[in-house]
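**Q** The sequence and its predicted three-dimensional model are supplied below.
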Amino acid sequence: MKSLYGRLVITLAAIVLVSSVLGFIIANIYYQQNVREYNEKKIARIGYEIVNLYEENPTGDLHGYFTHIANMHFQLYLVDSQGNATLFGAPFREQEISPEIVQKVLDGEIYRGITAEKYGLFITGFFTNTLKNSFGLPIHSNGETYALFIRPNIEQQFGEVHILFGLLLLATFLISIIFILIYTRQLVKPIKELTNATQQLAEGNYDIHVDSNRRDEIGNLSANFKQMSISLRQLDEMRQEFVSNVSHEIQSPLTSIQGFSQAIRSGGVTDELQEQYLAIIEEESKRLSLLSKQLLTLASLEKETNLYEPTLFRLDEQIRLILVMLEPQCRKKGIEIDPDLPETYLYADKQLLSQVWINLLTNSIKFTEPGGTIYINVRSGKDVTVTITDTGIGIAEEGLTQIFERFYKVDKSRSRTNEGSGLGLSIVKEIVQRSGGRIEVNSKLEEGTSFQLTFPSK
Ligand code: ADP
């Protein structure tokens, strides 16, 4: 049987069987080493009693006397000096004894067969029904000496115990097997369930039911598996949403490029209009190019661990340079910039950090009406804090929790004209987290937005 269930049942049954055999062997060894001598002494005492009783009150009828004794469940073997033997009681399985032993007993010695004999590991000497496994002693009657070998008839004395003992062993074994079958089934059931669940997961079905109420390792495994299937489902949903968002973001500029280029090619468009259409085509191409750059940045931020290369640099200088770069845009829109940039050092990836300031500041410029102001200040102490505040359109409360999500735009119709992809802030968040910092946002509709970034100072 190749299943785990079959293997467990066979292994556990084998364990029960081997334990029983080992238990039997140990009991046997214990008998042979500790109980055998005690047993022989007990039989010797009975033997002496039998002999003394007769010798103190000799009736002359030795055979009649031994017949009575044999009726009390003893096996007796009597040999006279001529070698004639008589058996009283049940016969021995092996009725052999050497003439030398008989002679020794006739000469007045005793025979200690119970301790003298060697038995194998699988034979309990206690039960061995042989003449050799007996106690021998001399007995005198009518002036003659006899050799008497005596052994309690275990079969008769303890026959029921024997059966009970066997039944006990058999019942223990059978009941163990039944419990093993039930227990193993219980043990293997959640593993089977998990196997089915894995198959379902492989087929793309994330709606999985596994019993995770158990408090053992299998319960833990099931709970972790359930968690994993939930994460996989979320990941799959995110992937699908991401792909559809990307396709959508690519589709709209492509459609307008297609439309305007067709219009130009079909002719009948004035030079002025043609110029306008070409400008839109250029703008949309730039949008596509920016989108692919942003996607690449996100992908590399997620994947490459060695992308992040921190150095110690002047943060105030970096921001000042970016402000110079964005100055024409601000001037064009009539937005004032109010910087407060004391000398500050930051230990982070300089290249990535400049992306953060560009994204945040271009957003502020984008979402601030002419005449507005953008405040930017840097503070250093235990941490380095950068705050960028604008007096722009603000973000409604329900949008605040989502602005860091990919492709999220608060107002889709308005953003369309602002050429945003909704990826800028998710890139900012990734970079800030990579740098060991955090980002918080406060905003009020029609009043403005404030981003506060905190980095550990080194
Ligand atoms: P986008 O490329 O569209 O600007 P972002 O991820 O940078 O994408 O921003 C997501 C959305 O958050 C924007 O579409 C905009 O609605 C809102 N937002 C970001 N910064 C500001 C800001 N300074 N003022 C108002 N709204 C903002």
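**A** It's in. Residues are numbered from 1 along each chain as shown.

**Q** Tell me the spacing between residue 432 and the ligand.
**A** Per C-beta to the nearest ligand atom, to the nearest Å, residue 432 is found 13 Å from the ligand. No exception for glycine: its C-beta is placed from N, CA and C like everyone else's.

**Q** Where does residue 389 fall, secondary structure wise?
**A** Secondary structure assignment for residue 389, by DSSP states H and E: strand 383-390.

**Q** so what's residue 181 up against?
**A** residue 9 (C-beta atoms under 8 Å, 6 or more residues apart in numbering).

**Q** do you know how far it is from the ligand?
**A** 62 Å.

**Q** Got phi/psi on that residue?
**A** phi -60, psi -50 (degrees, to the nearest 10).

**Q** before we move on, what about the one 5 residues further on?
**A** Listed backbone geometry of residue 186 is phi -60, psi -40, with angles given as degrees, to the nearest 10.

**Q** count of neighbours near it?
**A** Applying other C-beta atoms under 10 Å, we find 9 residues neighbouring residue 186.

**Q** residue ranges with poor pLDDT in the stretch 301-450 of the chain?
**A** The stretch 301-450 of the chain contains residues with pLDDT under 70 at 304-306, 411-419.

**Q** Spell out, range by range, the helices that occur in it.
**A** Taking DSSP state H, counting those that start in this stretch as the criterion, the stretch 301-450 of the chain carries its helices at 315-333, 350-366, 397-400, 412-418, 424-434.

**Q** Reformat those helices into TSV and put mean neighbour count and distance to residue 172 next to each item.
**A** Shown next, in TSV, are the helices of the stretch 301-450 of the chain (neighbours: other C-beta atoms under 10 Å; distance: least, C-beta to C-beta, whole Å):
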stretch	mean neighbour count	distance to residue 172
helix 315-333	15	79
helix 350-366	20	72
helix 397-400	12	70
helix 412-418	11	76
helix 424-434	20	63
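
**Q** so which of those helices gets nearest residue 163?
**A** Closest approach to residue 163 among these (C-beta to C-beta): helix 424-434, 77.9 Å.

**Q** who touches the closest one?
**A** By C-beta under 8 Å, 6+ apart, helix 424-434 touches 294, 297-298, 301-302, 308, 349, 352-353, 355-356, 359-360, 362-363, 403-406, 408, 438-439, 453, 455.

**Q** Point to the residue nearest the middle of this protein.
**A** residue 221 (4.7 Å; C-alpha atoms, centre = their mean).

**Q** Assign that one to helix, strand or coil.
**A** Reduced to three states with DSSP: H, G, I helix; E, B strand; the rest coil, the structure at residue 221 is helix.

**Q** what's the closest non-adjacent residue to it?
**A** In this structure, residue 221 finds its nearest non-sequential neighbour in residue 194, 6.8 Å apart by C-beta to C-beta, 6 or more residues apart in numbering.

**Q** May I have the strands that pair with the strand holding residue 389, each with its orientation?
**A** Strand 383-390 has the following strand partners under DSSP bridges: strand 373-380 (antiparallel), strand 448-456 (antiparallel).

**Q** Deepest-packed of the ones you listed, please.
**A** The highest mean neighbour count among those, using mean count of other C-beta atoms under 10 Å, belongs to strand 448-456: a mean of 20.

**Q** so, in contact with the ligand or not, that one?
**A** Yes: applying C-beta under 6 Å from any ligand atom, one finds strand 448-456 touching the ligand at residue 449.
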